[in-house]
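Asker: Okay, structure incoming, though there's no sequence with it:
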């Protein structure tokens, strides 16, 4: 009788290996009822799933995942009995979650989620994605959610995910997270590993978690624990300080890039012709509206390439706004060159006209922009320092604009002419330069730069007819501080003003920061009225 | 050649400017109502809608035969989001146009600037926004809720078990009277609940501020400190709202991490935003577009029809609380004037006591003789993917408004 017994035993072992004996299968009907239940049930269901997550079969998890996704995406319909999965929100019929039969979704109620339910459902979806995600990217996304709420996820889930993980990098991340989760484990060795793991991915939250351990009795009694905690805390604190420093630099750069974009065109117009162009802000607004036009054209003609509309908008916005600038110059400003006050008033009138023209023709609402992945969201780079793509886009855009403008001014015949007219208009005219034509082109270039600013600002600010008015004061401030007519001065002034604002803001608040910067500029101009970089000017 | 003195120049300019400021629709034997809502400047996108709602409400009443046998004539103006100009236009409407009532103002600072004008001329101003309270003029009808019946229930909800059990609070506001007073009252309220002062932070930004990176960084580090769940109480106004939300979402903070309670946040502020990453943030008003009931369905349909018929330059599918409140204002005034049988302000004011009106929110608005406050329901809304708000919670009935807050 030995042989059959052994065979039976082997079979049992085999069965254990291939179809693991799960502690308890998911009660699918109860889970569906929970998701369709009241607020408490909608929290209980997902939380129960996460707690049992380590032991559930892949089938059960997939089932739960389908239901949770449907609930979060408003595709779950709740008739009197059971739950229906719809293909899209408000579909007339759906598949029964349990039987798969097609049933009408009439009289069904789509539950509205409160924050508590939302958090529980997010965690449960993350757990399911981590355990059953088809590819490493999906599992990593799940892990990111689980990591945010690590306190509510049992160790068994992480252990199972780690054991099943095939991707080496992700496996290491899960291992680190699993170690970090053992911060209050009774086993001293695991606690030390946990402290090291938490310290390995520093953030403000990690700092708070470690700092809380200082009140732990082990901190006083166990020297090894104390040393490990102090070292970990020091490491995290240092990283957080560096991360915050990086964030300040980044914020300053980003604000400076916006100031520079808004002021660059003005530096040329003001510098060359001495025209105080109060319509510059509206030129920025027109650039943004041109970008919107390009987006709509893409939507109609080439929906597949919609993500590239921001790049396609660059020449369009530049060209369109430059054209507007040239028309304004030809129709109005040309006649007012010897009367600076009149040209100031005239450009103000132009600005009012443009704002109201857009308001009447398009409306006052904020425009709806599709945000491609490269300008939405961000990535945590180091500690609490997050690089947001839209700001990075603006910084890169400003740098490119600066390079191109310098290239035009320094390396092209037009640039040579512009510089000649800027330095001495009468002499340039005597030498045969068509100063009027150069004025017009320079005004076009300056306006075009404002149009480019409009493109760069679309992903950052709300686009509406009034958006330009906010820029005009800041950009004049930057141009005057930098030294009229000097592009590099404008750059330095933008960096200075942006940096000063960002540095002062956390200390004394945004309102005081503006005041302090303004007072600083006034004092500086008292000492040095010609600004940072004085350029020899026409008489 | 005549000499143009400074005085005569100013006089002529004022005469020339007068017709430009106020645009009447001329008709004989009508009763005039004046609107003080900007259609230019920072508030244009929000306030501009209210002119049209007042017109729509007046058209409805005129269709039913007018008030006391007279047709309503609505005068609109453009105070250009310039606070002192509200007072100037308001004075002109009361003294020259002899309007029976004014409907206007969005920000509290504009209301405060009109207040002395309506008090001196014994006019009536219907104010359609929820606000900081602590004011009780016999010349202003506060159609929307003071904090005790709007902000506090919402904060209570967030602090309670149904919300997120909020323990710590980051207040961010535009730098003027409404945010500062609201925050003062909130602090008093939290103190009364025994919450320590270290549990909150308060930051203010200038009007039209848009560079929220540093503040969002501060919110993140505030939320990571120990002491319990943090929330943001947002009282910035105008274009700062979408700019803040965008930065918040881009830095990867979701509503389940740190929820935002946007006290001035309406559907119109979500225009142009990708709300997928903002789902779950909250607001609180006396009306939400998603309110259930036939009266709301009818109002939404009426507004959409009005937008199409009159070619109104605003969205036909977006209705915000102040629009409904402006609509309620005109109806309340008409009811009171009909009850008084007169358009004289003292008579109309006396008629407010005991007035009730079934408005689109589904609640019945009531007024008492005690003050000029209107009792409204409370909604808490939650941002959804479709740039709107779902009704997360609503009060079982319309609470009695408390003009003066006991919390500061």
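Answerer: Yes, it's here. Not measured: the values here are computed from a predicted model.
Asker: following the helix or strand residue B:220 falls within, which helix or strand comes up?
Answerer: Per DSSP states H and E: residue B:220 is located in helix B:213-224. Toward the C-terminal end, the helix or strand that comes next after helix B:213-224 (DSSP H and E) is strand B:230-235.
Asker: Give the rounded mean pLDDT of the next helix or strand after that next one.
Answerer: Going down the chain from strand B:230-235, the next helix or strand is helix B:240-250, by DSSP H and E. Confidence for helix B:240-250, expressed as mean pLDDT, is 93.
Asker: next one: stretch B:185-195
Answerer: Across stretch B:185-195, the average pLDDT comes to 94.
Asker: Flag every buried residue along that stretch.
Answerer: Judged by neighbour count using 16 or more other C-beta atoms under 10 Å in any protein chain shown, the buried positions of stretch B:185-195 are B:185, B:186, B:187, B:189, B:190, B:195. From N, CA and C alone the C-beta is placed, and that goes for glycine too.
Asker: Contact partners for the spatially most central residue of chain B?
Answerer: Nearest to the mean C-alpha position of chain B, counting by C-alpha atoms, centre = their mean, stands residue B:129 at 2.2 Å. Contacts of residue B:129 were listed using C-beta atoms under 8 Å, 6 or more residues apart in numbering or on different chains, and they are B:105, B:106, B:107, B:108, B:144, B:322, B:325.
Asker: Go again with 6 Å.
Answerer: By C-beta atoms under 6 Å, 6 or more residues apart in numbering or on different chains, residue B:129 lies in contact with B:106, B:144, B:322.
Asker: what kind of secondary structure is the spatially closest residue to the second one that is not a sequence neighbour in?
Answerer: Leaving aside its chain neighbours, residue B:144 sits nearest to residue B:130 (4.1 Å; criterion: C-beta to C-beta, 6 or more residues apart in numbering or on different chains). Remark: residue B:130 carries the secondary structure label coil [criterion: DSSP: H, G, I helix; E, B strand; the rest coil].
Asker: returning to what we had before: so which of the contacts of residue B:129 is the closest to chain A?
Answerer: The shortest approach to chain A among these belongs to residue B:106, at 13.6 Å (C-beta to the nearest C-beta).
Asker: Residue B:163 in helix, strand or coil?
Answerer: Secondary structure, three-state DSSP: residue B:163 is coil.
Asker: What's the separation between the closest residue to chain B within the stretch 201-350 of chain A and residue A:195?
Answerer: For the stretch 201-350 of chain A and chain B, the shortest gap (C-beta to the nearest C-beta) falls at residue A:204, measuring 3.3 Å. The gap separating residue A:204 from residue A:195 is 17 Å, by C-beta to C-beta, to the nearest Å.
Asker: Ramachandran coordinates for residue B:381?
Answerer: Main-chain torsions, residue B:381, degrees, to the nearest 10: phi -110, psi 160.
Asker: which residues sit in contact with it?
Answerer: By C-beta under 6 Å, 6+ apart, the contact set of residue B:381 is B:283, B:288, B:389.
Asker: filter those to the buried ones?
Answerer: Buried, going by 16+ other C-beta under 10 Å: B:283, B:288, B:389, out of these.
Asker: pretty sure the last one is touching residue B:291, no?
Answerer: No. Contact criterion C-beta atoms under 6 Å: residue B:389 and residue B:291 do not qualify, at 10.0 Å.
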